[in-house]
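Participant: Quick one, structure for this:
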Amino acid sequence: MSESRCNNADLPVLHGDEARRVDLDVTDKIGRIRILESVATRIADTIHYHLGLIPPSSSSDDTAPLLFVAGKGNNGANAIACARILHMRAVFGEKIRLVTLVDDEDGSILRPNMSAQLELFDALVGRDKRMAINKGGEALIREWKG
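Facilitator: I've put the predicted structure just below:
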């Protein structure tokens with residue numbers, strides 16, 4: 001059986017508005033949450049592969065937590081979903097921690113995908129496993145013991 005290979009020269013190159021139209025079309029057909037979960041799962045797979053070879057013991061206090069930092073954009077929602085997925089796999093024990101760089105007490109400033117991911121994280125991982133900080137909170141991240 002002959003194998004067909006795809007050459008980069010065979011792929012169409014999309015620019016600007018054309019690429020945005022294709023992105024919107026795919027998003028409409030597949031759905032934003034499904035895409036977000038798929039991306040987060042692939043990121044979790046990569047982290048698991050690279051760090052999961054020797055997972056930290058959940059009973060060891062000297063093991064550093066796996067810290068996710070999530071901004072207010074769509075990548076922030078991916079980080080939250082990825083942290084939740086890794087926690088659910090139970091590979092890293094209770095060592096998953098999340099820092100959001102937005103104050104989520106006023107949910108009106110969050111994008112819908114991020115709000116939904118924070119609700120899932122809180123329900124499945126625990127609100128005590130994350131903290132929200134605003135500008136100037138870098139020192140809090142260094143001091144935070146999880």
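
Participant: Help me confirm that L98 is found in a strand?
Facilitator: Yes - counting by DSSP: H, G, I helix; E, B strand; the rest coil, L98 is located in a strand.

Participant: And it, how close does it get to A44?
Facilitator: 13 Å (CB to CB, to the nearest Å). Just so you know, the C-beta spots here come from the backbone N, C-alpha and C atoms, and that holds for glycine as well.

Participant: neighbour-wise, which of those two wins?
Facilitator: A count of neighbours by other CB atoms under 10 Å puts L98 above the other of L98 and A44, at 27 against 22.

Participant: who touches the more buried one in this structure?
Facilitator: Going by CB atoms under 8 Å, 6 or more residues apart in numbering, L98 touches L67, F68, V69, A70, A79, I80, A83, F121, V125, K129, R130, M131.

Participant: what does L66 give?
Facilitator: I47, L51, A83, L86, F92, K95, I96, R97.

Participant: I'd say the third one and V125 touch.
Facilitator: Meaning A83. Yes - contact criterion CB atoms under 8 Å: A83 and V125 qualify, at 7.1 Å.

Participant: sorry, back to before: may I ask which of the contacts of L66 has the most neighbours?
Facilitator: Compared across the contacts of L66, A83 has the highest neighbour count, 28 neighbours, by other CB under 10 Å.

Participant: Which neighbouring elements make contact with the helix or strand containing that residue?
Facilitator: Using DSSP states H and E, A83 sits within helix 74-89. The contact analysis (3 or more CB pairs under 8 Å, 6 or more residues apart in numbering; DSSP states H and E) places helix 74-89 against helix 32-51, strand 66-70, strand 96-100, helix 112-124.
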